[in-house]
Every structure is written in C-alpha cells, then in structure tokens.
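Undergrad: Below: sequence and its predicted model.
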Amino acid sequence: MPTMSEGRSERSFSRRPRRRSGRQGNSSRPQQRVEEPIVAEHFESTLPEGPLPSFAELGLADALIKSLVANEITEPFPIQAATLPDAMSGRDILGRGQTGSGKTLAFGLAMLTRLAGGRSVPHKPRGLILVPTRELAMQVETALTPHARALGLWCRVVVGGTSFPRQIDHLRRGVDLLIATPGRLSDHVRQGTCDLSEVEITALDEADQMADMGFMPQVRAILDLTPQDGQRLLFSATLDGDVDKLVRQYLHNPVTHSVAPATASVTTMEHHLLFVSAEDKQNVVTEVAAREGRTIMFVRTKHHVDRLAKKLRSVGVNAGALHGGKAQSARTRVLGEFREGTMPVLIATDVAARGIHVDDVSLVVHVDPPADPKDYLHRAGRTARAGQSGTVVTLVTHDQRRAVQGMAARAGIHPESTKVRPGDDDLIRITGARTPSGEPIVEREKPARRSGGTGRRFGAPATAGRGGSGRRSEGGEFRGGPRRAERSEGGRTFGRTERTGRPRRAPQH
C-alpha cells in the first residue's frame with residue numbers, strides 16, 4: 001500500500017475506462033497542467049440563460065431524480081445546471097459558488113452518477129471529497145447519503161473527534177464515496193487503514209478555506225496518492241495563492257464555472273458598523289442577542305465564546321457555544337439545536353464558523369471585528385444564503401474604527417455607520433434588538449458517561465481510538481509536513497481540523 005511519504009503509485013490504470021474527454025496520449029499528468037495562472041478575476045459567470053434545464057434534461061438517472069424529489073429538491077440551482085454536464089462527462093471542474101448556492105449537489109450528484117454500478121473493495125474508497133472542517137464533512141454526508149443509497153452506494157465520513165476504530169470498520173466494509181478532513185484521512189493513510197490508489201474522482205470543497213487553515217501540504221500529499229488520471233473537481237471562493245498553485249499542478253484543462261463574483265454573497269446583505277463605547281458594548285450585545293430569529297455572533301477566542309454564551313444564558317437568551325475546543329458530540333448537538341431553531345443564538349470562533357451551513361440565519365454579528373477581509377466574507381457568508389437577504393453588523397469601539405474601516409474597504413463593502421447605545425431606536429431598527437427576559441436558562445443535565453467506552457475495538461491500538469479524539473502519539477511525518485493537533489486561538493487555526501428555486505426549493509449547501 002502506498003504511504004504518505006512514498007508519493008504516487010506508478011501502477012497502470014489501463015483496466016479502468018478513461019474518465020475524461022479531451023485527454024490524449026499518455027494518461028500521466030504533467031507537473032504543470034494549466035499554463036495561465038487562474039485567479040478569481042478570470043472567472044466569468046456561467047449562469048444559464050432562460051429557464052434552467054430539469055434534472056432529467058441534465059442526464060441524471062431516474063433513481064436520483066426520485067430521491068431528489070423525495071427530499072423536496074425539484075429543480076437545479078444555476079451552479080448545478082452549469083456544472084453537472086461537464087462533471088458527469090469526466091472533465092476536471094474549477095468552480096466558484098457562494099455558500100448556499102447548491103454546490104454540494106453540483107459535485108456530489110456528478111460523483112454519485114460516475115460511481116454508480118461499481119463496487120468498492122475493503123479500505124479502498126472509489127470517490128473522495130476533502131473538506132476543511134468536521135461540521136462541513138457531516139453536512140455533506142447528510143446531503144448526499146439519501147441519493148447515494150438510491151444508487152446502492154455507501155457514503156462514509158472520516159473526521160477527527162470521532163471513533164477511529166469505527167472509521168476503520170467502515171473502511172473495511174467498503175466505501176464508495178469517502179468524505180474526509182485532511183488531518184484524519186492522513187492518519188488513516190499512515191496507519192495503513194485507507195488506500196487511495198482506487199480513487200476515481202476527487203472533489204475539494206472550500207479549497208480556499210483549507211489553504212487558510214494550513215492544510216495545503218496535507219492536501220497535496222493526499223492528491224499525490226490518488227491515480228494520476230483521476231477526475232478532479234475543485235470549488236473555492238477565491239483562486240489565488242496556494243489554491244492557484246493547486247489548480248495548476250493537479251487539474252488538467254479544467255472547465256471553469258462560476259455563478260457569482262467572489263463578493264456576491266455580500267451584495268444581498270445590509271452591512272452596518274455600529275460604533276459603541278467599551279462600557280456599552282456588553283449591554284448592546286445582550287440586547288441584540290435577545291432579538292427574534294437565528295443569530296450568529298463571532299468572537300476571537302474560545303474563552304470569550306464560553307464566557308459570552310454563559311452570560312447570555314444567565315439573562316434569558318438561549319445561546320450555544322461552538323469552538324474547536326469542544327468535543328465533537330457537543331458541537332454536533334449545539335449545531336443541531338441551532339439548525340432546528342430551539343437554540344436561536346450561536347456564539348462561535350472563526351474556525352468553527354467554517355463548518356456552519358444553516359439556512360435562515362438573518363443576522364451575523366461581529367462582536368470582535370475580524371482583521372482580515374477574507375474572514376469578514378466567510379463570517380458574513382453564514383447569512384443571505386441562496387439569494388435570501390441578511391444583515392451583517394460589526395461592533396466597533398473607538399480604538400478599532402480606523403482598522404475596521406480599512407478592512408471593510410478591502411472586503412469591497414460599503415457599510416452604513418451608526419453610533420448606538422443600549423435601547424436606541426437605531427439599534428432596534430438595524431438588528432431587532434430587545435431587552436432579554438432576565439430569567440436564567442438552565443442547561444439540561446448531561447447523562448453520566450458509561451464506563452468501558454474506550455473504543456478499543458477491531459484490533460486497533462489503544463492510542464488509535466481513545467475517546468475518538470485522534471490525537472495519538474505516533475512516529476514519523478509524511479511529506480506534507482508534521483501532523484498538528486487541532487487548536488484555535490484568536491481566530492487562527494493551527495493544524496488539523498475537525499463534518500433550490502422553482503417551484504419548491506429545499507435548502508442546499
């Protein structure tokens with residue numbers, strides 16, 4: 001079995017039918033495939049003109065169409081209509097679509113179509129989707145599993161924070177489409193429990209976020225272990241820096257699709273800078289959090305997340321905390337309650353925000369203003385999904401004014417600036433702020449954890465599955481660089497990470 005340090009296998013793939021039109025001669029990929037640099041400005045909208053074709057007209061199988069209808073997805077989004085024909089024909093795809101544009105099904109349905117009829121063998125997935133966070137991985141699995149089962153295919157997730165031995169068992173049973181974060185997949189490759197030599201098609205979702213989070217060495221090492229003539233689909237909000245290098249090295253003559261410019265996600269939003277005094281800031285935050293509707297508040301550190309969530313619950317605001325220091329089970333529970341609406345306020349760090357794909361979030365609040373315009377756009381992208389409107393407010397104290405105004409200019413937005421105090425009419429007009437009930441919210445008592453749940457099964461070493469954290473001490477490093485434990489501080493991430501329409505359109509990612 002190839003290892004992360006051995007590079008790509010030189011074995012022949014002639015027994016597998018060619019998966020791409022436009023390939024000629026040798027199936028080996030040259031090191032540099034796209035001569036011209038691909039940057040965001042080179043993208044042009046490929047929004048189909050006139051009525052969008054139906055899923056049947058796009059060539060999807062009847063079983064897939066029935067599955068989509070059963071999930072209340074009756075017509076494709078523009079990014080799906082543009083991307084599916086090329087992806088299903090085997091072309092490499094370079095795509096850009098904002099959060100909520102339906103890009104998960106754009107690459108997912110194509111991958112399932114191309115994998116249909118084949119059979120997986122133990123420990124060798126046939127399709128691979130790489131994503132930056134655990135939460136996103138799990139949401140992709142939720143979106144694709146019903147449609148995979150309609151074709152008799154199995155989707156499985158491999159992420160940190162969950163049982164390593166259980167993942168080994170899933171891989172042993174055979175996986176058609178594997179959804180993974182780079183860190184945990186690298187662990188399985190090192191352990192010899194996952195072999196990527198049979199991967200026929202690979203998708204990279206939110207590649208720019210993987211670059212921002214420092215995963216490019218791992219991503220490159222993983223791609224080096226997949227067949228050279230495999231099909232590749234890459235979706236990213238921006239295509240500069242490391243993402244541009246990835247495109248030029250690993251994609252062959254890609255077809256580019258974009259239904260919106262990089263800043264389109266913020267054009268359907270209202271942007272506000274709310275100038276507050278340091279003394280008033282906490283009371284303003286509390287009144288804004290007490291509004292009706294789903295609200296996400298971003299702060300810089302894990303400690304601040306916990307402190308603010310506790311403060312809000314003490315005055316009657318049902319708020320949940322989400323950051324990289326939380327156990328995966330706790331993060332999944334909080335996101336589930338937020339998605340269901342039983343917990344309307346979510347307090348999160350930037351790293352956690354990258355996995356949040358929840359519809360009907362009407363307000364995003366930058367309690368701690370981001371320093372980087374990319375972080376602003378990532379945070380803002382949690383609202384105004386799929387053409388819906390949304391509001392983004394940034395709380396700015398006197399000493400932050402110049403820095404925040406500069407950041408906003410670099411992000412390409414033109415926010416309305418308003419000075420506010422607790423109870424102000426402008427604060428209510430912009431955010432829907434109101435006075436909280438003042439009645440503390442008591443957290444449900446957690447059931448006692450059963451003993452004996454170490455997860456040491458299937459012959460795995462004790463260090464491979466202790467609590468499912470994946471933080472094992474193991475010798476050796478692969479060519480992508482040393483393995484690093486998941487950790488977030490100050491909105492920065494260190495190392496490995498964490499899971500339509502007309503006439504009736506269900507939310508998509």
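TA: In hand now; what should we look at? Numbering: from 1, shown residues only.

Undergrad: count of residues packed around the closest residue in space to residue 218 that isn't next to it in sequence?
TA: Excluding its sequence neighbours, the residue lying closest to residue 218 (Cβ to Cβ, 6 or more residues apart in numbering) is residue 182, at 3.9 Å. Bear in mind the C-beta positions are built from the backbone N, C-alpha and C, glycine included. Residue 182 has 26 neighbouring residues, counting by other Cβ atoms under 10 Å.

Undergrad: Contacts only, for residue 418.
TA: 272-275, 426, 430 (Cβ atoms under 8 Å, 6 or more residues apart in numbering).

Undergrad: Now it: phi and psi?
TA: In terms of degrees, to the nearest 10, the main-chain angles of residue 418 are phi -140, psi 130.

Undergrad: Please tell me how far it sits from residue 395.
TA: Between residue 418 and residue 395 the computed distance is 11 Å (Cβ to Cβ, to the nearest Å).

Undergrad: joint contacts of those two?
TA: Residues touching both residue 418 and residue 395 by Cβ under 8 Å, 6+ apart: residue 274.

Undergrad: Look up which helix or strand the residue sitting nearest the centre point of the chain falls in, please.
TA: Note on the chain: the residue nearest the mean C-alpha position is residue 136, at 3.9 Å, using Cα atoms, centre = their mean. Per DSSP states H and E: residue 136 is located in helix 134-150.

Undergrad: Enumerate the positions of that helix that are buried.
TA: Across helix 134-150, burial judged by 16 or more other Cβ atoms under 10 Å covers 134-141, 143-145, 147-148, 150.

Undergrad: Next SSE downstream of it?
TA: Heading C-terminal from helix 134-150 (DSSP H and E), you reach strand 155-158.

Undergrad: rounded to a whole number, what's the mean pLDDT of that following strand?
TA: The average pLDDT within strand 155-158 is 97.

Undergrad: how far is the following helix or strand past that strand from where the chain is centred?
TA: Next helix or strand after strand 155-158 toward the C-terminus (DSSP H and E): helix 164-173. In terms of Cα atoms, centre = their mean, to the nearest Å, the centre of helix 164-173 is found 23 Å from the chain centre.

Undergrad: Return the list of helices and strands in contact with helix 164-173.
TA: Packing partners of helix 164-173 (3 or more Cβ pairs under 8 Å, 6 or more residues apart in numbering; DSSP states H and E): strand 155-158, helix 182-191, helix 462-465.

Undergrad: What segments of the stretch 201-350 of the chain are strands?
TA: 201-204, 231-235, 255-258, 269-275, 294-298, 319-322, 345-348 (DSSP state E, counting those that start in this stretch).

Undergrad: between those, which gets nearest to residue 409?
TA: strand 269-275 (11.6 Å; Cβ to Cβ).

Undergrad: Partner strands of the closest one, with direction?
TA: When pairing is defined by DSSP bridges, strand 269-275 lines up against strand 390-396 (parallel), strand 416-419 (parallel).

Undergrad: May I see the ones you listed organised as JSON lines, with mean pLDDT added?
TA: Formatted as JSON lines, those follow (pLDDT from 0 to 100):
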{"stretch": "strand 390-396", "mean pLDDT": "95"}
{"stretch": "strand 416-419", "mean pLDDT": "95"}
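
Undergrad: Quick check: which of those strands is buried the most?
TA: The highest average neighbour count among the strands paired with strand 269-275, using mean count of other Cβ atoms under 10 Å, belongs to strand 390-396 at a mean of 24.

Undergrad: ok, and what's touching it?
TA: 266, 268-276, 281, 284-285, 288, 361-367, 369, 379-380, 383-384, 404, 408, 415, 430-431.

Undergrad: So what angle separates the directions of it and strand 294-298?
TA: Following axes from the mean of the first three to the mean of the last three Cα atoms, to 10 degrees, one obtains 30 degrees for the angle between strand 390-396 and strand 294-298.
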